[in-house]
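Asks: here's my sequence, what's the structure:
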Amino acid sequence: IKSSHRNQMDSLAITTKGRQQALLEALKEMISVFWGPDLKKCTEILQKPTLGPFDKLAAQPDAWHFEALSEIKALLKEFTSAEAFFQYLEEAYVRLFISDRAGVTAPLYASCYANTKSGEKALLMGEAAIDMKNRFESKGLSLSDEIQEPPDHLSIELEYLYFLLDKGWSDGDQDLIREASTFAAEVMLPWISEFQARLAVEKECRFYPLMVSILAAILEIIAGSNRNFEIG
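Replies: Model prediction:
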């Protein structure tokens, strides 16, 4: 996200139920995307593109539009079958995020982006994972036994952000809403920016770099609208 966009986003108040719902739906889509592809989801995307919440956000009068949305729509048109789309995403997901002989391009864990400036090697289950575990416990939450991932996995952090906003807006809890803004700004955006930079070099599968661009825009909205949050 270019800095010139930030002021435009800061001027927005997330005051309407429609805008709040669009943000929550967009976060749900991102959670699904970064848990990895499955054939059912790929079928749904091609039959009825799940870009609705992104379209709603991009249609706001301040025009914080991003080219990534139209690029993703063009990309989807290239696939005539869900199987082909699934195979395309699965290969890229494994190669970019899980395992590759040349080294994983962009791990999905916040801990992997710690101390990168100092040259130290970041490890799994680092401070970011411990921090997320403590955040969950502070809200009386716990990870499902079915989830065998560290708590600083991208989709888990997005689940937490979703929880804060959904409960904050539905209960009228300004503290949770402010925490969501701070979490997006101070916890997620710093490492997502590095995550996005690493994925920018990917040429074979543009789906994930484009989706991260949209994710960064969503986080910027949540992070930059702190003073404008209202219950609506």
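Asks: toward the C-terminus, what is the element adjacent to the lowest-mean-pLDDT helix or strand in the chain?
Replies: Sorting the helices and strands of the chain by mean pLDDT, DSSP states H and E puts helix 3-10 at the bottom, at a mean of 40. Sequence order places helix 17-35 as the next helix or strand after helix 3-10, per DSSP states H and E.
Asks: mind checking how far residue 162 is from residue 142?
Replies: 16 Å (C-beta to C-beta, to the nearest Å). Where C-beta positions appear, they are placed from N, C-alpha and C, glycine not excepted.
Asks: same for the helix or strand containing residue 128, what does it pack against?
Replies: Here residue 128 sits within helix 127-138, counting by DSSP H and E. Secondary-structure packing of helix 127-138 (3 or more C-beta pairs under 8 Å, 6 or more residues apart in numbering; DSSP states H and E): helix 154-171.
Asks: helices or strands next to the helix it packs on in the packing?
Replies: helix 17-35, helix 127-138, helix 174-182.
Asks: quick one: which of residue 162 and residue 142 has more around it?
Replies: residue 162 (19 against 11; other C-beta atoms under 10 Å).
Asks: do I have it right that that one meets residue 31?
Replies: Yes - the pair residue 162 / residue 31 is scored as a contact, 7.0 Å apart, by C-beta atoms under 8 Å.
Asks: secondary structure element holding residue 150?
Replies: Going by DSSP H and E, residue 150 is not part of any helix or strand.
Asks: pLDDT at it, what is it?
Replies: Predicted confidence (pLDDT) for residue 150: 90.
Asks: quick check: closest non-adjacent residue to it.
Replies: Spatial nearest neighbour of residue 150, chain neighbours left out: residue 129 (4.6 Å); criterion: C-beta to C-beta, 6 or more residues apart in numbering.
Asks: can you get me a residue count around residue 23?
Replies: 24.
Asks: list the contacts for the residue located most distally from the centre of the chain?
Replies: The centre of the chain is farthest from one residue, residue 80, which by C-alpha atoms, centre = their mean lies 26.8 Å away. Not one residue lies near residue 80 by C-beta atoms under 8 Å, 6 or more residues apart in numbering.
Asks: roughly how far apart are it and residue 91?
Replies: The value you get for residue 80 to residue 91, if C-beta to C-beta is used, is 18 Å.
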